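Student: Quick one: sequence plus predicted model below, questions after.
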Amino acid sequence: MHEHEVSLRRLSINDARFLDSVLRSDIADTMHQELDPHVRALIRLGVLVAMSGPPSAFEWATSDALANGATPDELVEVLFAAAPLVGSSHVVAAAPRLARALGYDLDADLELLGVEAD
């Protein structure tokens, strides 16, 4: 049996020990190294976009992605990549959260332009 099949089976049967190891990101990062940390960080950001994650999670995911070599342009590209699947409302909601996480004062910039943020 292939490793991916074992993992899918264990997830499907709600194997508590296996799920614990997957849910603890520090262990998951060392156990399953098919994805490099850079790609893993971008995926995590994409998931936050899809689920309209809270600002604190965007802060964490952005810091993690930058620490693993992602650029701010790549993080914005995650929004573009997610858009066709998750829709504009998720991307529009994520943009200011990502901006804040990147240290970009979007509200001040929009105010200078005379535009109100939603």
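Tutor: Thanks, I have the structure now.
Student: drop to CA atoms for contacts and neighbour counts, all remaining ones
Tutor: Noted.
Student: can you pull the contacts of Arg91?
Tutor: One thing to correct before we go on: residue 91 is Val, not Arg. Contacts for Val91 (C-alpha atoms under 8 Å, 6 or more residues apart in numbering) come out as 49, 79-80, 82-83.
Student: so which helix or strand takes in it?
Tutor: Using DSSP states H and E, the element containing Val91 is helix 88-101.
Student: coming back round to it: ranking the contacts of Val91 by neighbours, who comes first?
Tutor: Neighbour counts for the contacts of Val91 (other C-alpha atoms under 10 Å) peak at Val49, which has 27 neighbours.
Student: For it, give its distance to Leu75.
Tutor: 11 Å (C-alpha to C-alpha, to the nearest Å).
Student: Also Glu59?
Tutor: 12 Å.
Student: and the most centrally placed residue in the chain, what is it in contact with?
Tutor: Centroid-nearest residue in the chain: Leu45, 1.2 Å away (criterion: C-alpha atoms, centre = their mean). Residues in contact with Leu45 (C-alpha under 8 Å, 6+ apart) are 58, 61-62, 75, 78.
Student: So which of Glu59 and Leu75 has more stuff around it?
Tutor: Leu75 (22 against 19).
Student: tell me which element that one falls in.
Tutor: Assigned by DSSP H and E, Leu75 falls in helix 72-86.
Student: That helix packs against which elements?
Tutor: helix 37-50, helix 88-101 (3 or more C-alpha pairs under 8 Å, 6 or more residues apart in numbering; DSSP states H and E).
Student: That helix - what's its average pLDDT?
Tutor: Mean pLDDT, helix 72-86: 97.
Student: Domain-wise, how is the protein divided?
Tutor: 1-34, 35-118 (automatic domain parsing).
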